[in-house]
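*Asks:* I'll drop the sequence and a predicted model, then ask my questions.
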Amino acid sequence: DAKTTQPNSMESNEEEPVHLPCNHSTISGTDYIHWYRQLPSQGPEYVIHGLTSNVNNRMASLAIAEDRKSSTLILHRATLRDAAVYYCILRSTGTASKLTFGTGTRLQVTL
Amino acid sequence: GAGVSQSPSNKVTEKGKDVELRCDPISGHTALYWYRQSLGQGLEFLIYFQGNSAPDKSGLPSDRFSAERTGGSVSTLTIQRTQQEDSAVYLCASSQDSTNYGYTFGSGTRLTVV
């Protein structure tokens, strides 16, 4: 599986937008970009995924660069409950594929 | 059920004993995955079931670990002759298929080997 690179940690103030970056320069044409997050003492939670176009859902937005070598997860208004480890993962299609979790970005949200 | 159910939520066992961990996936989900997470560490893939295909066992750390999925639904992860390094949270996830859908994870089983 192609690898992703994320900052180890980020901080945000509550009520402010958060942009979590992910680099995936070796992405292939059939790789989907998935984001998960893991709150303390819980299993990971699906956030969003996309292939080429930007995606929005009730939790977040995903902005994908035109060359697909990077993406950004956008939380529009961070809350204390958004403090978690965020994982950016590439998932290939057309094969029996599993998610390979890296170390992710630990997001701290402060008042 | 509405989510992925795992049991037990906590298990303490003595070194050398066998343990069975159960996962009940979301009804209709054809893919089922097992991961484990040691304290302060990332998620480690163990095994993956997809429909009637042979499971991907590439992540199982030793032959003491095995898993089965009966009737395409419930899965059991078995650890024989447990060791202290097996202590971790064991997480199960399911998805509608293996490509374009997200995983839904259970809350995990916290295994402590003493």
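*Replies:* Yep, it's here.
*Asks:* Can you report how many residues lie near residue 66?
*Replies:* All of this refers to chain A. 7 (other Cβ atoms under 10 Å in any protein chain shown). Bear in mind the C-beta positions are built from the backbone N, C-alpha and C, glycine included.
*Asks:* wrong chain, I was asking about chain B
*Replies:* So B:S66, with other Cβ under 10 Å, has 13 neighbours.
*Asks:* That one against B:T78, yeah?
*Replies:* Yes. Between B:S66 and B:T78 there is a contact under Cβ atoms under 8 Å: 5.0 Å.
*Asks:* Show the low-confidence segments of chain A, by residue range.
*Replies:* Applying pLDDT under 70 to chain A flags the ranges A:1-2, A:94-96.
*Asks:* need the residues of it near chain B, please.
*Replies:* A:32, A:34, A:36, A:42-46, A:49, A:91, A:93-104 (Cβ under 8 Å from any Cβ of the partner chain).
*Asks:* which of those residues are buried?
*Replies:* Buried residues within the residues of chain A next to chain B, counting neighbours by 16 or more other Cβ atoms under 10 Å in any protein chain shown: A:32, A:34, A:36, A:43-46, A:49, A:91, A:96-101, A:104.
*Asks:* of these, closest to B:L43?
*Replies:* For those, the residue nearest B:L43 by Cβ to Cβ is A:F101; the value is 4.0 Å.
*Asks:* Tell me what the residue nearest the centre of chain B is bridged to.
*Replies:* With distances taken as Cα atoms, centre = their mean, the residue of chain B nearest its centroid is B:W34 (3.3 Å). Beta-bridge pairing of B:W34 under DSSP bridges involves B:I47, B:C92.
*Asks:* check contacts around it.
*Replies:* By Cβ atoms under 8 Å, 6 or more residues apart in numbering or on different chains, B:W34 lies in contact with B:C23, B:F45, B:L46, B:I47, B:Y48, B:A67, B:S75, B:L77, B:Y90, B:L91, B:C92.
*Asks:* hmm, 7 Å instead?
*Replies:* Contact analysis of B:W34 by Cβ atoms under 7 Å, 6 or more residues apart in numbering or on different chains lists B:L46, B:I47, B:A67, B:L77, B:Y90, B:C92.
*Asks:* Considering the residues you listed, which possesses the most neighbours?
*Replies:* Scoring the contacts of B:W34 on neighbours with other Cβ under 10 Å, the highest-scoring entry is B:C92 at 28 neighbours.
*Asks:* tell me the pLDDT at it?
*Replies:* Listed pLDDT for B:C92 reads 97.
*Asks:* same question, the one 5 residues further on
*Replies:* Predicted confidence (pLDDT) at B:D97: the value is 72.
*Asks:* That one reaches B:A31, doesn't it?
*Replies:* Yes. Here B:D97 reaches B:A31: they are 6.0 Å apart, a contact under Cβ atoms under 7 Å.
*Asks:* higher neighbour count, these two?
*Replies:* Regarding B:D97 and B:A31, a neighbour count based on other Cβ under 10 Å identifies B:A31 as having more, with 22 against 11.
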